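Engineer: Generate a structure from the sequence data that follows.
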Amino acid sequence: MSVYQSKEKQSVKDQIVTGLFKELAERPLSEIPVASLIKTAGVARASYYRNFDSKEAILNFYLDRVLGKTEEPDEDTIWTRPAIQENLEEIFQRFEEEKEHFILLFQSGLASYAFDYFSSFADRNGINSPFPWADQYKLPFYSGALTAVLYHWLKSGTKESTTELAELFISFLPDAFFIDEAHN
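Structural biologist: Below is the predicted model of the structure:
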């Protein structure tokens, strides 16, 4: 595929994402027919099905794009406080730029979708066990807390900087979430 075709395909995907959010502002995801979505997005039915097999796949693509996971994968995360703070600052910055869309997900009754997305992020993106925990409840705790704090921060007007919010979030996490840098 040429670079031009790749950009063209990206543009169609972006049009579909934009169309989906326009539709979500009017009605719940379950009530959005594909015919209405493609009309709002301004794409052909074949373009829709060539790029996505469901409305949920559009949301996954959107969230992956916001988090930069449509790019080449970065190195695995090392679970130290400084490394996690840096990652969180980037996540908060990206979602601050997408504030209206992320809030709309929650207001559209898709909060559980956002929670599930963050909980399954590592598995979906082929990240090999970046979590240093054996406890099965730490990932849902972390994912849920991250999603809830992110939503509250965006909804309340992003009063704290991304750095301040990352520091605050990390301060809430118990030491058991982090590995000692000496073990790296």
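Engineer: Contact partners for Trp153?
Structural biologist: Residues in contact with Trp153 (CB atoms under 8 Å, 6 or more residues apart in numbering) are Phe92, Lys159, Glu160, Leu165. For the C-beta atoms, the positions are set from N, CA and C on the backbone; glycine is no exception.
Engineer: so how far is Ser171 from it?
Structural biologist: Here the criterion is CB to CB, to the nearest Å. By it, Trp153 lies 15 Å from Ser171.
Engineer: Quick check: closest non-adjacent residue to Lys159.
Structural biologist: Counting by CB to CB, 6 or more residues apart in numbering, the nearest residue to Lys159 once its immediate chain neighbours are dropped is Trp153, at 7.9 Å.
Engineer: which residue is nearest the centroid of this protein?
Structural biologist: Against the mean C-alpha coordinate of the chain, by CA atoms, centre = their mean, the closest residue is Leu63 at 3.4 Å.
Engineer: Double-check that residue against Tyr117; I have them as touching.
Structural biologist: Yes - taking CB atoms under 8 Å as the contact criterion, Leu63 and Tyr117 are neighbours in contact, 5.3 Å apart.
Engineer: residues in contact with Val149?
Structural biologist: Val149 touches Leu165, Phe169, counting by CB under 8 Å, 6+ apart.
Engineer: Tyr151 too?
Structural biologist: Contacts were defined as CB under 8 Å, 6+ apart; by that measure Tyr151 touches Phe102, Ile103, Phe106, Ala111, Ala114.
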